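In: Sequence plus predicted model, see below.
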Amino acid sequence: MTDSYRVERIDHVQLAMPPGGEEQGVAFYEGLLGIPQVPKPPELATRGGCWFEHPGLRIHLGAEEGFQPARKAHPALVVTGLEVLCAALEAAGYPVQRRADVPGMPQWFVHDPFGNRIELVPSTD
């Protein structure tokens with residue numbers, strides 16, 4: 001940090017998806033994760049993709065030709081009721097893996113319908 005500026009927070013995370021994957025994206029991000037879909041601005045809606053937002057969390061899916069999933073890079077989502085969400089993901093066919101790579105910080109990983117890696121961490125509130 002310098003005296004003249006400071007990066008404050010992440011405004012949003014954009015993940016890629018293949019063109020035409022909006023229905024799968026909505027089923028996963030809104031249906032399973034519970035993040036409401038919001039309309040994209042009209043000038044951006046023509047590009048495809050979909051946005052999911054609620055206070056403090058904004059995930060944008062952008063349609064990308066030649067799509068390749070993010071296997072290493074990922075957002076980490078803080079979850080209240082993590083065990084319940086993991087059970088719902090598993091029941092919907094999304095395997096969840098528990099990892100203990102970082103001492104004292106339990107982590108769970110799941111892949112979205114497009115293969116993008118998503119980390120889930122328990123809320124400490």
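Out: Perfect, I can see it now.
In: Return the alpha-carbon coordinates of the worst-scoring helix or strand of the chain on mean pLDDT using CSV.
Out: When each helix and strand of the chain is scored by mean pLDDT, DSSP states H and E, strand 97-102 comes last, with a mean of 85. Output of strand 97-102 as CSV, limited to C-alpha atoms (Å, rounded to 0.1, in the frame of the first residue of the first chain):
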residue,chain,number,x,y,z
GLN,A,97,-13.7,-32.5,-2.7
ARG,A,98,-12.5,-31.6,0.8
ARG,A,99,-8.9,-30.4,0.9
ALA,A,100,-6.6,-29.4,3.8
ASP,A,101,-3.8,-27.8,1.9
VAL,A,102,-3.8,-24.6,4.0
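In: For the following helix or strand past it, what is the distance to the chain centroid?
Out: Proceeding N to C from strand 97-102, the next assigned helix or strand is strand 105-111, under DSSP states H and E. Relative to its chain's centre, strand 105-111 lies at 12 Å (C-alpha atoms, centre = their mean, to the nearest Å).
In: any low-confidence regions in the chain?
Out: Within the chain, the stretches with pLDDT under 70 are 1-2.
In: again, 90 this time
Out: Applying pLDDT under 90 to the chain flags the ranges 1-3, 5-10, 99-106, 123-125.
In: Nice, that's everything, thank you.
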